[in-house]
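Engineer: build me a model from this:
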Amino acid sequence: MALLQGDLEVADQWLDEAGTLSDQLDDQWTRALVMGFRGMPGLLRGSPEAAVALCEQAVDRLDALNETRATVFWLFLLAVAKGQLRDPGAAQAGAQAVAVAEAHGEWLCRAYALWALGFDAWIRGDNDAAVRSTRAGLEIQQRFNDPIGSAMLVGLLAWITGSCGDHRMAARLQGATRSLWRVIGTSIGAFGPHMSQFQAHFEKETVEASARRRSRRPSRRAVGTTVRPVPSNWPWRRRPTPGGVPQLPAHVP
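Structural biologist: Next up is the predicted model:
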């Protein structure tokens, strides 16, 4: 809970206590979980290298205990950390997380693992693969009331769409993402400085693209025309979608 709230110092203290107790009780399973949870602050503090080392140890220890099912979340974090490092092993870790989740009928962590796969594919410039993974994660999210996962996936889809050059759709997706984060009371920046940098770069590109569109738009006064509102019954006029969340046209990533 402290990690989710961003209280990293408090989380460190509790993990120290849990680690001490697991050593005293010789509890290998708890010791492995403590190792994995120690990897989370590394990501949140902007040290993916530390997260990689700790999450790999957690996965190895759980595998040794035949607790493969419990490795899904740590494989997800491992994929995210390696993706931030541009490590080619990110895709393998993400795919392994998805495979373990599928084998054990686990859905929620599978959606997060698909986010990690989509994130890594986007980092590598494979937008098609990124879209497939992200859409698959969003389909799973419909089963749950999980605004954090939904915000992460829709936000990633906005980044991918912007990279594909459709900055208008990217802006609409970002609007939906911002609404989800507002409900939660946080932002993607809570997941570490690397994510903040990706978001800042995306917003800069989107604003610049919007400015370029406006600069190319002819002045109404210059062309000497009177612009009237488009009638609402014209079939091609874009209508708002229910709930204010944009629905992607089939041809848009």
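Engineer: how many residues are close by Phe191?
Structural biologist: When neighbours are defined as other Cβ atoms under 10 Å, Phe191 has 18 of them. For every residue, glycine as well, the C-beta is placed using N, CA and C.
Engineer: how about the one 3 residues further on?
Structural biologist: Around His194 there are 19 other residues, counting by other Cβ under 10 Å.
Engineer: any idea how far it lies from Gln24?
Structural biologist: Distance of His194 to Gln24, given as Cβ to Cβ, to the nearest Å: 36 Å.
Engineer: try Leu153
Structural biologist: For Leu153 relative to Gln24 (Cβ to Cβ), the value is 41 Å.
Engineer: of the two, which one has the most company?
Structural biologist: Using other Cβ under 10 Å, the more surrounded residue of Leu153 and Gln24 is Leu153, with 28 against 8.
Engineer: so that one touches Glu139, yeah?
Structural biologist: No: Leu153 is beyond contact range of Glu139, at 9.8 Å (criterion: Cβ atoms under 8 Å).
Engineer: dump the residue contacts of Trp74.
Structural biologist: 36, 39, 55, 58-59, 62 (Cβ atoms under 8 Å, 6 or more residues apart in numbering).
Engineer: from these, pick the one nearest Val10.
Structural biologist: Nearest to Val10 among these: Gly39, at 16.9 Å, using Cβ to Cβ.
Engineer: which helix or strand contains the closest one?
Structural biologist: According to DSSP states H and E, Gly39 maps onto helix 28-44.
Engineer: list the buried ones in that helix?
Structural biologist: Neighbour counts over helix 28-44 (16 or more other Cβ atoms under 10 Å) mark 31-44 as buried.
Engineer: name the helices or strands packed onto the longest helix along the chain?
Structural biologist: When the chain is parsed with DSSP state H, its longest helix is helix 193-216. In terms of contacts (3 or more Cβ pairs under 8 Å, 6 or more residues apart in numbering; DSSP states H and E), helix 193-216 is packed against helix 147-163, helix 167-184.
Engineer: now it and helix 28-44, what's the angle there?
Structural biologist: Helix 193-216 and helix 28-44 are oriented at 40 degrees to each other (axes from the mean of the first three to the mean of the last three Cα atoms, to 10 degrees).
Engineer: appreciated, that's everything.
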